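A.B. asks: Could you look at this predicted model? Sequence included:
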Amino acid sequence: MISQFDTLLFVWGGTALFVAFLLSFVMTGTTVSSAVATDIYTTMARNVQQPRPATDHEYVPDSGGVTLVAGDREFDPTGEQLLRAHDGLTTAETIGTQLSVLVDVLVNDLELAARATATTDDESATVTVTGSRIGTTELFDHPVASVIGVGLAHGLGVPVTVETSREDGNLVVVANLTTSE
């Protein structure tokens, strides 16, 4: 004989299955993990306290990591926080080697992009991002650009300037290495 408690458990189980089935259709889009969103928010919240200069900015490696230098001010780069958990980022011999790791991190680990491709020459790199989870290029320290800038500055040991733009619906990040003369 089935008790009222068994009937109640059966109804709850059926309701849970229905909700899970319904959510599988509702949750079809991609999302950014809460850890990545928290890292981006935390860094940007610290940086919003300081006035933002309109001049170009540069990711500069130092003994404690990488610093974002804009004009005469220093900021915490978003990419520094996002890349902190990735052990695969070591010193690289070439820009291409470092970029292959960074593209993999952007797409597979951080999931900030659906796809990314990189082209390089001796002193610059262009990364084309399809399906960027952060849509605007107007951010002061765009997370995708910051990961590229911080990763290159850290891996190659030289300052890196980064510019972002939109081309054909894709985010395009151009990174230039700054070599001391």
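C.D. replies: Nice, thanks for sending it over.

A.B. asks: CA only for contacts and neighbour counts going forward, please
C.D. replies: Noted.

A.B. asks: after the helix or strand bottoming out on mean pLDDT in the chain, next one along is what?
C.D. replies: Scoring the helices and strands of the chain by mean pLDDT, DSSP states H and E places helix 34-47 at the bottom, with a mean of 67. Once the chain leaves helix 34-47, the next helix or strand it forms, by DSSP states H and E, is strand 57-62.

A.B. asks: What residues does the nearest residue to Val60 once chain neighbours are set aside make contact with?
C.D. replies: Distance criterion Cα to Cα, 6 or more residues apart in numbering; nearest residue to Val60, sequence neighbours excluded, is Pro159 at 4.4 Å. Residues near Pro159 by Cα atoms under 8 Å, 6 or more residues apart in numbering: Glu58, Tyr59, Val60, Pro61, Ala153, Leu177, Thr178, Thr179.

A.B. asks: With pLDDT, neighbour count and distance to Thr164 added, can I get those in JSON lines?
C.D. replies: Formatted as JSON lines, the contacts of Pro159 follow (pLDDT from 0 to 100; neighbours: other Cα atoms under 10 Å; distance: Cα to Cα, whole Å):
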{"residue": "Glu58", "pLDDT": "91", "neighbour count": "27", "distance to Thr164": "13"}
{"residue": "Tyr59", "pLDDT": "92", "neighbour count": "31", "distance to Thr164": "14"}
{"residue": "Val60", "pLDDT": "94", "neighbour count": "22", "distance to Thr164": "18"}
{"residue": "Pro61", "pLDDT": "92", "neighbour count": "21", "distance to Thr164": "20"}
{"residue": "Ala153", "pLDDT": "92", "neighbour count": "27", "distance to Thr164": "17"}
{"residue": "Leu177", "pLDDT": "90", "neighbour count": "22", "distance to Thr164": "15"}
{"residue": "Thr178", "pLDDT": "83", "neighbour count": "16", "distance to Thr164": "17"}
{"residue": "Thr179", "pLDDT": "70", "neighbour count": "10", "distance to Thr164": "21"}
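
A.B. asks: Need those in JSON lines (columns: distance to Thr7).
C.D. replies: Output for those, formatted as JSON lines (distance: Cα to Cα, whole Å):
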{"residue": "Glu58", "distance to Thr7": "65"}
{"residue": "Tyr59", "distance to Thr7": "63"}
{"residue": "Val60", "distance to Thr7": "65"}
{"residue": "Pro61", "distance to Thr7": "64"}
{"residue": "Ala153", "distance to Thr7": "62"}
{"residue": "Leu177", "distance to Thr7": "68"}
{"residue": "Thr178", "distance to Thr7": "70"}
{"residue": "Thr179", "distance to Thr7": "73"}
